[in-house]
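In: Need coordinates for the below:
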Amino acid sequence: MSAGPKAKVELDETRAALAGLGLDHAAERLADLVNDSVKENLPPHRFLDGLLRVELEFREERRIKTSLRLSGLPSGYTLGSFDWSFQPSVERKQVETLATCAYIREHATVLLGGPPGVGKTHLAIALGVKAIENGFSVAFYRLEDLLHAMKRDSDVPPQRLRGKKYMSVALLIVDEIGFQPLSRLEAGLLFRLVSYRYERGSMILTTNKSVKDWPEILAGDEVMTTAILDRLLHRSHVLHIRGRSYRLRDLEKLLK
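Out: Take a look at the predicted model:
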């Protein structure tokens, strides 16, 4: 005889209670965990630990996925996928120290310099991923896109920009500084951003220009350049990558 539509099993009430508390993943896994607990003769508190653990792990995985999506970080760039052997000039210990994210709590700047194609962006994104994994909010912008966003808000007072992602995140990553010179308006907006975030939030910047060449990027304004660099470098970690371009290496492989 088949069970009626209202038939219940012993775990239904517990499963419903878990779902009612918003512990949906724990509710889905309840039967399996009960079976495992019985087989291994686990004490009640160990079973409860396991039940809560699967819910917490699921929520953490969901948080990371959502944060990565909202951050704008390009996918596929991690420290694990970085070719350390191709760029021996990169101080791996220094990067791994940065991966602890202590610099974010210190509101420090990370400046990644070097010619195009040597892995600056890869490392910046990878550090952004580590920051999200460690619970920090992150936003990634190409400089051109960031300037476009800031121009839309150029007439808004800084105190009213606190809710903007580029102002409010714990870590702001700005990629490709130096490929195009900035107008005086753009340089002024960058100064406003750096001034607001100074000792409030961290930044990672990638640039193909040495610090001494920054005046030519910032509309030729040496006073403004000094003011920006003074804030960026006050508490900073500087990595200069020297080496061959990954893109040229891949091109060479194709041409062989």
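In: Could you use CA atoms for every contact and neighbour count after this?
Out: Fine.
In: these two touch, right, residue 68 and residue 129?
Out: Yes. Using CA atoms under 8 Å as the test, residue 68 is close enough to residue 129 to be in contact (7.3 Å).
In: More neighbours: those two, which one.
Out: residue 129 (24 against 21; other CA atoms under 10 Å).
In: Check for me that the more buried one belongs to a helix.
Out: Yes. Using DSSP: H, G, I helix; E, B strand; the rest coil, the assignment for residue 129 is a helix.
In: Please report how far it lies from residue 30.
Out: Per CA to CA, to the nearest Å, residue 129 is found 32 Å from residue 30.
In: How about residue 43?
Out: 16 Å.
In: Kindly report the same for residue 158.
Out: Applying CA to CA to residue 158 and residue 30 gives a distance of 50 Å.
In: out of these two, which sits in the busier spot?
Out: Legend: neighbour count by other CA under 10 Å for residue 158 and residue 30, higher for residue 30 (20 against 15).
In: Give me the pLDDT value at residue 6.
Out: Turning to residue 6, the model gives it a pLDDT of 50.
In: ditto for residue 254
Out: So residue 254 comes in at 51 (pLDDT).
In: now do residue 151
Out: 96.
In: need the contact list for the residue nearest the centre of the chain.
Out: Most central in the chain under CA atoms, centre = their mean is residue 128, positioned 2.5 Å from the mean C-alpha point. Contacts for residue 128 (CA atoms under 8 Å, 6 or more residues apart in numbering) come out as 73, 138, 171, 173.
In: Once you drop chain neighbours, what's closest to residue 138?
Out: Spatial nearest neighbour of residue 138, excluding adjacent residues (CA to CA, 6 or more residues apart in numbering): residue 171 at 4.8 Å.
In: and that neighbour, how many neighbours?
Out: The number of residues near residue 171, taken as other CA under 10 Å, comes to 32.
In: Who are the contact partners of it?
Out: 104, 128, 131, 136, 137, 138, 139, 201, 202, 203, 204 are the contacts of residue 171 under CA under 8 Å, 6+ apart.
In: try it again with 10 Å
Out: Residue 171 sits next to 71, 101, 103-105, 107-109, 127-128, 131-132, 136-140, 165, 197, 200-204 when contact means CA atoms under 10 Å, 6 or more residues apart in numbering.
In: partners of it in the sheet?
Out: Beta-bridge pairing for residue 171 (DSSP bridges): residue 138, residue 202.
In: Could you measure from it over to residue 125?
Out: 11 Å.
In: Overlap of the contact sets of the two?
Out: In contact with both residue 171 and residue 125: 131, 139, 140, 204, using CA under 10 Å, 6+ apart.
In: Turn the residues you listed into a markdown table, columns for neighbour count, distance to residue 220 and pLDDT.
Out: Converted to a markdown table, the shared contacts of residue 171 and residue 125 look like this (neighbours: other CA atoms under 10 Å; distance: CA to CA, whole Å; pLDDT from 0 to 100):
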| residue | neighbour count | distance to residue 220 | pLDDT |
| --- | --- | --- | --- |
| 131 | 21 | 34 | 98 |
| 139 | 25 | 28 | 98 |
| 140 | 25 | 26 | 98 |
| 204 | 26 | 23 | 98 |
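In: ok, of these, which one's closest to residue 15?
Out: residue 131 (34.8 Å; CA to CA).
In: Can you give me every residue that contacts the residue lying closest to the closest one once chain neighbours are set aside?
Out: In space, and not counting its chain neighbours, residue 131 is closest to residue 101: 6.1 Å by CA to CA, 6+ apart. Residue 101 makes contact with 127, 128, 130, 131, 132, 133, 134, 135, 136, 171 under the criterion CA under 10 Å, 6+ apart.
In: Equivalent analysis for residue 162, please.
Out: Applying CA under 10 Å, 6+ apart, the residues near residue 162 are 168, 169, 196.
In: my guess is the last one meets residue 159, correct?
Out: Yes. Counting by CA atoms under 10 Å, residue 196 does reach residue 159; the two are 8.9 Å apart.
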